[in-house]
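Asker: My questions are about this predicted structure, shown below with the sequence.
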Amino acid sequence: MMEEDKDFNIAELVQRYEHGLSDGHPGYFDVEELEEIFDFYLSRGRNKESSEVVELGLRMHPNSSTLLLKRATLYMEIGEPRRALHIIDRLPEQANQEAMMTRAQILLQLDRREEALRLLHRIMDEESLDKSSLCLDISGILVEENLHLESIEFLLQAHQTDEKNIDILFELAYCYEQINSAVKAIQTYQKILDVDPYSSETWFNLGQAFFNENRYGEAIDAYDFALTINPDDTLSLLQKAHSLFQNGQYIQAADCYEEYGISMEMTDIILVYKGESYEKADMFEEATECYKKALDMNPKNTDACTGIGICLMEKGEFKNSLAWFEKVLRLDRSISETWVYIAEVFVNLEMPEEALMSYMRALQIDPVQADVLASIGNLFFDAEQYEKALTYYQKAEAIDPEINSLDLFYALVYAKLGANDISIEYLSKAIKKDEDAQKIYDEILKDKQP
C-alpha cells in the first residue's frame with residue numbers, strides 16, 4: 001500500500017510539473033521533488049524530459065550536487081561518459097557514495113575497468129551498516145557490463161556477513177549461471193532452499209539448473225516440489241514434461257503435456273510435443289493422431305507433417321511417408337532434417353542415387369552433420385566405391401570421432417581396400433563397443449563376395 005501511495009504521489013507530482021510547463025509557469029519544486037520527476041522520466045527512456053527537469057532544477061538550485069549528479073547520470077545514459085565524468089570531477093561532494101558509484105559506472109563505460117573496480121571495492125570497504133544492499137547495487141552495475149566474475153567476488157564478500165540474505169544468493173546463482181558454473185549455481189539455489197524451503201521460484205530455478213546439466217531426474221523432482229507449493233505453476237508443469245521426455249519417460253511426458261494443455265491451452269505446438277512423446281514410445285497411432293490434430297489447428301506446422309512421415313517410416317510405409325516429407329518441402333525447403341528423412345526413405349526403397357542426392361541437399365543446408373556423412377559413406381560402400389566411402393567416413397570422424405558404428409565402417413572399408421591389418425585393428429575396437437560387430441562384419445563381407 002505504501003508503494004502504491006508513493007507511485008500515486010509521483011504521478012501527481014509529475015502532473016503538477018507538466019501542467020506548470022504547459023501554462024508557462026512551472027512553479028517551485030524542491031530538490032527531492034525534482035529528483036523524483038527526473039527519475040520518473042529517465043526510467044521511461046524520456047531523456048529529453050529528464051534533461052529539461054535538470055536544467056529547470058539547476059536554475060532554481062544552482063549549487064545542488066544532487067541535480068548535477070543527475071545531469072552526469074543522464075550523460076552516462078545517452079552514451080557520453082566523458083561529459084559525465086567532467087561533471088563528477090567538479091562536484092563539491094565527490095566522496096558521496098552515490099557520486100562514487102556513478103563515477104565507477106562512468107569509468108566502466110570508458111573501459112577503465114581496473115580503476116572502476118578499485119573504486120567499487122573502496123565503496124564496499126567503507127560501508128559499515130548495509131553491505132548487502134550496497135553489494136546488490138554494485139552487482140547490478142557489474143552485471144550490466146557482463147562482469148559476472150567480478151560481481152561474484154563482491155557477492156561472496158557480502159554473503160560472508162549475511163549468509164541468509166536470499167537476494168544476495170539469488171544474484172549469486174544468476175551470476176554462476178552466466179559463467180556456466182552450473183554446479184555452483186545448483187549449490188546456491190540449495191542454500192536458498194535451506195533458508196526458504198517453500199519458495200516455488202527457487203525450486204523452479206533449481207529444476208532449470210538441473211535440466212541444463214542433463215540431470216533430468218533431479219529436474220523432475222525440483223519441478224514437482226515447485227508444483228506442490230504452487231499447483232498453478234504451469235511453467236514448471238511444462239518444464240517437467242520436457243524433463244520427462246529427455247529422461248526417456250515418454251508416456252509420462254505425454255500425460256504431462258496433456259495436463260499442461262488442459263491447464264493452459266492445447267496448441268499445435270503442445271500437440272506436437274505430445275506426439276513426439278508417443279512416437280518415442282513406439283505408439284505410432286497415438287502419435288499420428290496428435291500430429292493430425294496439430295495440423296487441424298495449423299496446417300503449416302512442418303513438425304507435425306514430419307512426425308507423421310516418421311511414424312509411417314517406422315511402420316514400413318515408405319511411399320506414404322515420402323508424401324508427407326514432400327509436403328514439408330512445399331512449406332519449407334530449407335530444413336536439413338527433412339532431406340535426411342527423404343534420403344532414408346529412398347535407402348529403404350533401394351533407390352541409392354535419389355538417396356545420395358537428398359543427403360547432399362541436406363549437407364548443402366548444414367554441412368556439419370557427421371551422421372549424414374557416414375550415411376553417404378555407406379552408400380558409396382554399397383556401390384563398391386570404397387575410396388569414396390573411406391573419404392566420407394573420415395569427414396564424419398573429423399566432426400564427431402564418437403559417431404555410432406564408425407569403427408565397424410572403417411573395418412569393412414579397409415578390408416575391401418585390402419588393408420587387412422588396419423581392418424582387424426578397427427574391428428577389435430568395434431567389438432569392444434558392440435559384441436555383435438563381428439557377426440555384422442562377417443555377414444556384410446560375405447554378401448559382398450563376388
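Answerer: Perfect, thanks for sending it. Numbering: from 1, shown residues only.
Asker: Flag the shaky bits of the stretch 351-450 of the chain, pLDDT-wise.
Answerer: Along the stretch 351-450 of the chain, segments meeting pLDDT under 70 span 448-450.
Asker: Strands along that one, start to end?
Answerer: Along the stretch 351-450 of the chain, no stretch is classed among the strands by DSSP state E, counting those that start in this stretch.
Asker: For it, just list every one of the helices.
Answerer: 352-365, 370-382, 386-399, 406-416, 420-433, 437-447 (DSSP state H, counting those that start in this stretch).
Asker: Turn those helices into TSV, columns for distance to Arg122 and mean neighbour count.
Answerer: (Each C-beta comes from the backbone N, C-alpha and C, glycine too.) As requested, those are exported to TSV (distance: least, CB to CB, whole Å; neighbours: other CB atoms under 10 Å):
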stretch	distance to Arg122	mean neighbour count
helix 352-365	55	17
helix 370-382	53	21
helix 386-399	51	18
helix 406-416	58	22
helix 420-433	59	15
helix 437-447	66	13
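Asker: Tell me which of these lies nearest to Leu136.
Answerer: Leu136 sits nearest to helix 386-399 of all the helices of the stretch 351-450 of the chain, at 44.8 Å, using CB to CB.
Asker: Remind me what the closest one packs against, helices and strands.
Answerer: Secondary-structure packing of helix 386-399 (3 or more CB pairs under 8 Å, 6 or more residues apart in numbering; DSSP states H and E): helix 370-382, helix 406-416.
Asker: Tabulate those (JSON lines), appending distance to Gly261.
Answerer: Putting the helices and strands packed on helix 386-399 into JSON lines (distance: least, CB to CB, whole Å) gives the following:
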{"stretch": "helix 370-382", "distance to Gly261": "33"}
{"stretch": "helix 406-416", "distance to Gly261": "41"}
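Asker: Who are the contact partners of the residue nearest to Tyr392 when sequence neighbours are not counted?
Answerer: Counting by CB to CB, 6 or more residues apart in numbering, Tyr392 lies nearest to Gly377, which is 3.5 Å off, once chain neighbours are set aside. Counting by CB atoms under 8 Å, 6 or more residues apart in numbering, Gly377 touches Lys388, Ala389, Leu390, Thr391, Tyr392, Tyr393, Ala396, Phe409, Val413.
Asker: Nearest to Gly140 among those residues?
Answerer: Nearest to Gly140 among these is Ala396, at 47.4 Å by CB to CB.
Asker: Distance from stretch 125-140 to the middle of the chain?
Answerer: 30 Å (CA atoms, centre = their mean, to the nearest Å).
Asker: Count residues in the vicinity of Asp400, would you?
Answerer: Using other CB atoms under 10 Å, Asp400 has 15 other residues around it.
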